[in-house]
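**Q** fold the following for me, if possible:
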Amino acid sequence: MTAHRIAPEVMTFYASTIDESTRLSSTADGRLEMVRTQELLRRHLPPAPARILDVGGGPGTHARWLIEDGYEVHLVDPVPRHVEQARCIDGCVAELGDARELAAEKESYDVVLLFGPLYHLLERADRDQALAEAWRVLRPGGLFAAAGINRYASLFEHTAYAHLHGERMRESIRGILRTQVHDGKKAFTAAYFHSGAQLLEEVTAAGFDAQVFGIEGPTWAMLKATEQYSGDSLVDTPLFQSALAAARLAEPYPELLAASSHLLAVGRR
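**A** Take a look at the predicted model:
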């Protein structure tokens, strides 16, 4: 597996700019993403023990609770820092690797997760290759789940940060909305932003029978903005619980996918 194939902006971002190990616990919207991802996955996972390949699994944020739930988790990530962090989790096997070129054997896993690769593969051909590899290593009937960043997430997020009205920021976000790509030259790293329909089309084209969920739901940005302005943690407050309830209530309404920060495609081979 060759780390040089990963965009240098992505490697730098995760190696030194952000500590991914705390992203889903340090803020209310991060915690909302974690809780919702857990409940959506647990709704579809086969009984433990089952073999899970966590592709682009970062520092093992999801591997940790999956292992605690009794699953056998093998994590693959292109960032050395992440692999070192994941190896500190008892029971987690972690190795350097690329989602487009997995070392795993054909049909060797009960579950394959892509919680990250589709964010940072800007070209459709690269995303298709990652999805083809996930298909190859998943057993027939196995569970597949892939996350995407919502096309409109930056619009909501930078409103919550209260600087979207600035001309330079407005132009930057206008570019993301138009192209669905952030080049990674400033602030956030190189990334692709999916609509719900696009994520479903890409996953379906790879052969998976899938549906797409909004992870955080339509009120995550309100939660983020309130926490930003108050300076207080809103985790497990009534406002947090209401945002969580909103995410659950929004599930039957596909038009509300566009308001979530992240999207989750769940399907089977």
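
**Q** in what helix or strand does residue 163 lie?
**A** Assigned by DSSP states H and E, residue 163 belongs to neither a helix nor a strand.

**Q** so it touches residue 169, yeah?
**A** Yes - with contact defined as CB atoms under 8 Å, residue 163 and residue 169 form a contacting pair (5.3 Å). Placement of C-beta: from N, CA and C, glycine included.

**Q** where does the stretch 101-250 of the chain have low pLDDT?
**A** Scanning the stretch 101-250 of the chain for pLDDT under 70 picks out nothing.

**Q** list the buried ones in the lengthiest helix in the chain?
**A** Counting residues, the longest helix found in the chain (DSSP state H) is helix 28-44. Within helix 28-44, the residues that qualify as buried are 28, 29, 30, 31, 32, 33, 34, 35, 36, 37, 40, 41, counting by 16 or more other CB atoms under 10 Å.

**Q** repeat for stretch 135-143
**A** 135, 137, 138, 139, 142, 143.

**Q** ranges for the strands of the stretch 101-250 of the chain?
**A** 109-114, 138-150, 181-182, 191-194, 209-214 (DSSP state E, counting those that start in this stretch).

**Q** just the ones you listed: most buried one?
**A** A comparison of these by mean neighbour count, using mean count of other CB atoms under 10 Å, puts strand 109-114 on top with a mean of 25.

**Q** contact partners of it?
**A** Outside strand 109-114, the residues that touch it by CB atoms under 8 Å, 6 or more residues apart in numbering are 41, 45-46, 50-57, 62, 71, 74, 99, 130-131, 134, 137-139, 142-147.

**Q** ok, residue 227 - contacts?
**A** Residue 227 touches 27, 28, 29, 233, 234, counting by CB under 8 Å, 6+ apart.

**Q** give me the distance between it and residue 221.
**A** 11 Å (CB to CB, to the nearest Å).

**Q** sorry, back to before: how far off centre is the longest helix of the chain?
**A** A distance of 11 Å separates the centroid of the chain from that of helix 28-44, by CA atoms, centre = their mean, to the nearest Å.
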